[in-house]
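Q: Structure of the sequence below:
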Amino acid sequence: MTILVIGGGKMGMSHLALATQYVGKSNVALCDTKFSTRVLFRLLGYKTFADIEVAASKVDRLEGVLIATPTPSHAPLAKWAIGKGVPCFVEKPLTLNVEASTELKSLAAAKGVPVQVGFVLRYVASFQRLRHLVQSKQLGAMLDYTASMRGNVILKPPAADSWQGQFKMGGGCLNEYGPHIIDLCQFIFGPVDRVGDVRMSQVFCAHADDRIDLAWSHRNGSVGAVEIDWCDTTKRKSVVEFKVKFEEAEVRVDNSAVEITWNDGCTINEEKRLEIDVPIRPSNVAYYLRGEEFSLELEEFLGTCVGRRLSVDDSIPADTMARLEDGCEVDRIIDEIARKAGLK
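A: As a prediction, the model looks like this:
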């Protein structure tokens, strides 16, 4: 069998390294158009190819495709994999065009091919805990929330020919950070029903967004405000933060912590409070590389490819995996936000 990784950049290298640990180096191949990248990985002992059709014809039994290429190429590559009936994993965002995403969804449904999208933050233990608090109503009904994703991706104007400064090429914080925080909000609070006011700010980019502020409502009636910023100089790396108001408490959650502040007059007794506020623990993984969430995500995809469970942690909810339908819905919301922000 062979798992084919398409794209040897940062994410491609990460996925290739993890796949190697789960299925073995002899069962992993890389396809990349850059000669130097192919040479490097060939020296490391991997089968490498410049063309996907050549790769498919020469590898032993293609069982899975991992797509970690620039976003404009996601749609044709995913269409190719689905057309061959091979399970595929597509990094976020799914595509840059909601119509292309919808076409992929229809094609995958017709072919019966499973497609997973790289919304890795679903696997972070603190966000799993927040989702449980919302769904279980242990803190009473949820009233409202604020969510943010901030980082320092852009700290100066991008080069004129850089994709990062071109929204249509996949640049801007809405394309870079937006898929993660939009999917995470839907995963935790339920489907977004309506996007309200949207405000776009440009700090360094002339043809893309550096910051997006918006308000929206969910199908279940809950409301939220979201901030997306990829040029925040106070952040060393990307940070996601939620502040959620419940009837009995307020909760602050980030990538590594859950903090509960009990409201005055809270009716939950002390014993129950201690039970609810138990410290979170990272999930167990078969191999750790750069965060449990990346291993968990690949365990699910590779398990789909080989036809057996690879996860060693039974506590991960069965509905955690982001499917093609989730990616398509995120692309629809991004399209709506972009139009309201004047990016389209």
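Q: any chance you could map the helices in the stretch 1-150 of the chain?
A: With helices called from DSSP state H, counting those that start in this stretch, the stretch 1-150 of the chain shows them at 10-23, 35-43, 52-58, 74-83, 98-111, 125-136.
Q: quick one: the residue nearest to E91 when sequence neighbours are not counted and G12, what's the gap?
A: Leaving aside its sequence neighbours, E91 sits nearest to G118 (Cβ to Cβ, 6 or more residues apart in numbering; 4.3 Å). For every residue, glycine as well, the C-beta is placed using N, CA and C. Separation of G118 from G12 (Cβ to Cβ, to the nearest Å): 11 Å.
Q: Show me which of the two is the more surrounded one.
A: Neighbour count, other Cβ atoms under 10 Å: between G118 and G12, G118 has more, with 26 against 22.
Q: Touching, the more buried one and F89? I think so.
A: Yes. The criterion here is Cβ atoms under 8 Å, and G118 meets it with F89 at 6.7 Å.
Q: Buried by neighbour count: which residues of stretch 218-236 qualify?
A: Neighbour-count burial for stretch 218-236 flags 218, 222-232 (criterion: 16 or more other Cβ atoms under 10 Å).
Q: With secondary structure as added columns, please give the residues you listed in TSV.
A: Listed next are those as TSV, based on DSSP: H, G, I helix; E, B strand; the rest coil:
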residue	secondary structure
H218	strand
S222	coil
V223	strand
G224	strand
A225	strand
V226	strand
E227	strand
I228	strand
D229	strand
W230	coil
C231	strand
D232	coil
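Q: how about these in JSON lines, adding pLDDT and distance to V244?
A: Compiled in JSON lines, those are given as follows (pLDDT from 0 to 100; distance: Cβ to Cβ, whole Å):
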{"residue": "H218", "pLDDT": "97", "distance to V244": "13"}
{"residue": "S222", "pLDDT": "94", "distance to V244": "10"}
{"residue": "V223", "pLDDT": "97", "distance to V244": "11"}
{"residue": "G224", "pLDDT": "98", "distance to V244": "9"}
{"residue": "A225", "pLDDT": "99", "distance to V244": "12"}
{"residue": "V226", "pLDDT": "99", "distance to V244": "13"}
{"residue": "E227", "pLDDT": "99", "distance to V244": "15"}
{"residue": "I228", "pLDDT": "98", "distance to V244": "18"}
{"residue": "D229", "pLDDT": "98", "distance to V244": "20"}
{"residue": "W230", "pLDDT": "98", "distance to V244": "23"}
{"residue": "C231", "pLDDT": "96", "distance to V244": "26"}
{"residue": "D232", "pLDDT": "94", "distance to V244": "21"}
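Q: Looking at those residues, which one is closest to E248?
A: S222 (15.9 Å; Cβ to Cβ).
Q: my read: the closest one touches Q135, true?
A: No. With contact defined as Cβ under 8 Å, S222 does not count as touching Q135 (11.9 Å).
Q: how about the strands of the stretch 201-344 of the chain, start to end?
A: 211-218, 223-229, 239-246, 249-254, 258-262 (DSSP state E, counting those that start in this stretch).
Q: Nearest approach to E299 belongs to which of those?
A: For those, proximity to E299 was assessed by Cβ to Cβ; strand 239-246 is nearest, at 21.8 Å.
Q: Okay, buried residues for that closest one please.
A: Of the residues in strand 239-246, 240-246 count as buried by neighbour count, 16+ other Cβ under 10 Å.
Q: L274: how many residues sit nearby?
A: 9.
Q: What distance do you get for it to I260?
A: In terms of Cβ to Cβ, L274 sits 11 Å off from I260.
Q: Equivalent analysis for S57, please.
A: Distance from S57 to I260, counting by Cβ to Cβ: 56 Å.
Q: Also I3?
A: 41 Å.
Q: of the two, who's got more company?
A: More crowded of I3 and I260, by other Cβ under 10 Å: I3, with 28 against 17.
Q: Double-check I268 against D277; I have them as touching.
A: No. Applying Cβ under 8 Å, one finds I268 not in contact with D277, separated by 10.1 Å.
Q: picking up where we left off before, quick check: the residue nearest to E91 vs E103, distance?
A: Taking Cβ to Cβ, one finds G118 at 19 Å from E103.
Q: what about L143, how many neighbours?
A: L143 has 12 nearby residues by other Cβ under 10 Å.
Q: Read off the pLDDT value for it.
A: With respect to pLDDT, L143 has a value of 95.
Q: Name all residues that make contact with it.
A: By Cβ atoms under 8 Å, 6 or more residues apart in numbering, the contact set of L143 is 245-247.
Q: Just give me the neighbour total for the residue lying closest to L104 once chain neighbours are set aside.
A: Nearest residue to L104, sequence neighbours excluded (Cβ to Cβ, 6+ apart): A78, at 5.5 Å. Neighbourhood size, A78 [other Cβ under 10 Å]: 29.
Q: K344 too?
A: 12.
Q: got it, and S26?
A: Counted with other Cβ under 10 Å, S26 comes out at 13.
Q: Kindly report the same for the one 4 residues further on.
A: One way to gauge burial is a neighbour count; for L30, by other Cβ under 10 Å, it gives 25.
Q: Surely G190 touches R219?
A: Yes. Using Cβ under 8 Å, G190 makes contact with R219 at a distance of 5.7 Å.
Q: Looking at this protein, name the residue that lies furthest from the middle.
A: Computed with Cα atoms, centre = their mean, the residue of the chain farthest from its C-alpha average is G265, at 38.3 Å.
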